[in-house]
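Engineer: give me a 3D structure for the following:
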Amino acid sequence: MFGINSKFYKFMDTLWTVLKLNFIWVLFSLPIVTIGASTIAVFSVTLKMVNNEEGNVFSQFFQSFKLNLKQGIILGLITIAIAYCCYLNFELFNKLEDNPIIFLIAGIVIFFVGLANITYVYPLLARYDNSILRSFELSREIVYKYFFRTILLWIAVGFLIVFFIFNEILIFIGIFIGPVTIFLAISGFARKIFRDIEKSNLSV
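Structural biologist: Residues are numbered from 1 along each chain as shown. The predicted structure follows:
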């Protein structure tokens, strides 16, 4: 049970890696503007974790963080802006008199358009050397081509979010492992899709 090749040992080793990754992701995201670069750096590690290729977590994270700092800052600000636009439209729908339906429609449209663009953009930038615009295009193309697989991914991520906010105990656990657990789930789906794309020799 406690041998180095046992499932228990591998589970605890993965849990420890997730805890470390979550800590450095939070630490490097604290300036807020660096949250994009920090997220790309985490994906550079989790994409390898799902394929059992990870090495030194800290060195891989730092290397990717420095390499993607400029693009990450821009991408993080774009992500925050999309999230704020959604929030603002839903708030206007809830608080204005007569609940003008236009704000609800705008919020829903912005949410799904933003989701299609962002779902794979972070793992794409962690995996490939592309511009942000090209990565957004690829993210949309992947969503459309692998639509049902992406729906399953959204359901899985939604389940994890609900799970980690279900009660106070799970919220406490989620603080320490929640974000990276979600990134791992996304990486599991994305890695299989990337492998299919690479085998088909499509341009990425």
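Engineer: so how far is stretch 48-68 off the chain centroid?
Structural biologist: A distance of 15 Å separates the centroid of the chain from that of stretch 48-68, by CA atoms, centre = their mean, to the nearest Å.
Engineer: again but with stretch 126-139, I slipped
Structural biologist: The chain centre lies 14 Å from the centre of stretch 126-139; the measure is CA atoms, centre = their mean.
Engineer: going along the chain, name the helices of this protein.
Structural biologist: 7-29, 35-49, 57-67, 69-95, 101-118, 121-127, 132-145, 147-164, 168-199 (DSSP state H).
Engineer: export those to JSON lines and append columns for mean pLDDT.
Structural biologist: Conversion of these to JSON lines gives the following (pLDDT from 0 to 100):
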{"stretch": "helix 7-29", "mean pLDDT": "87"}
{"stretch": "helix 35-49", "mean pLDDT": "94"}
{"stretch": "helix 57-67", "mean pLDDT": "92"}
{"stretch": "helix 69-95", "mean pLDDT": "93"}
{"stretch": "helix 101-118", "mean pLDDT": "92"}
{"stretch": "helix 121-127", "mean pLDDT": "95"}
{"stretch": "helix 132-145", "mean pLDDT": "93"}
{"stretch": "helix 147-164", "mean pLDDT": "94"}
{"stretch": "helix 168-199", "mean pLDDT": "91"}
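Engineer: count of residues packed around the closest residue in space to N51 that isn't next to it in sequence?
Structural biologist: Computed as CB to CB, 6 or more residues apart in numbering, the closest residue to N51 that is not its neighbour in sequence is R191, at 5.9 Å. Just so you know, the C-beta spots here come from the backbone N, C-alpha and C atoms, and that holds for glycine as well. Using other CB atoms under 10 Å, R191 has 19 other residues around it.
Engineer: give the contact list for R191.
Structural biologist: If you count contacts by CB atoms under 8 Å, 6 or more residues apart in numbering, R191 has them with L47, V50, N51, P123.
Engineer: one more pass at 6 Å, please.
Structural biologist: Listed by CB atoms under 6 Å, 6 or more residues apart in numbering, the contact set of R191 reads L47, V50, N51.
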